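In: sequence first, then the predicted structure, then my questions.
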Amino acid sequence: MPGGEIELIVANRIWLRLIGLMRLGPADLKPILFPRCGSLHTFWMRTPIDIVWLEMTEDGATVRAVREALPPRRTARGGRGVSALELAPGAAGALGLVPGIALSLASIAP
């Protein structure tokens with residue numbers, strides 16, 4: 001991330017893509033990347049989450065949009081050709097993630 005790194009889970013298996021952060025409490029949330037994912041939902045979530053929509057490139061990614069503190073039982077669309085990064089509420093702002101920021105591949109790889 002700008003000036004730092006985070007460890008995250010890449011949802012590259014169907015079960016992980018289906019479950020994501022569902023039913024986890026705020027203290028248990030881990031950053032999770034959903035490659036090629038233009039929409040998400042927060043049904044069965046116990047807490048709001050931040051969603052960062054990323055445009056992936058060979059060298060890394062660019063933040064396309066940020067949706068902060070999306071409450072449970074909602075949907076969000078990032079558009080075509082994007083990946084989604086789910087974070088704990090407030091994490092996107094704390095990490096300085098805003099549209100236009102470029103991220104290195106090391107920052108988004110497991």
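Out: Right, received. Where do you want to start?

In: give the contact list for the spatially most central residue of the chain.
Out: For the chain, the residue nearest the mean C-alpha position is residue 85 (1.3 Å; Cα atoms, centre = their mean). By Cβ atoms under 8 Å, 6 or more residues apart in numbering, the residues touching residue 85 are 8, 31, 32, 33, 34, 51, 52, 53, 54, 108. Yep, even glycine has a C-beta here, placed from its N, CA and C like the rest.

In: just how off-centre is the top helix by length along the chain within its chain?
Out: What stands out as the longest helix in the chain, according to DSSP state H, is helix 14-19. Here helix 14-19 shows a centroid-to-chain-centroid distance of 14 Å under the convention Cα atoms, centre = their mean, to the nearest Å.

In: pairing partners for the longest strand seen in the chain, with directions?
Out: Secondary structure assigned by DSSP state E gives strand 60-70 as the longest strand of the chain. Strand 60-70 has the following strand partners under DSSP bridges: strand 49-56 (antiparallel), strand 102-104 (antiparallel).
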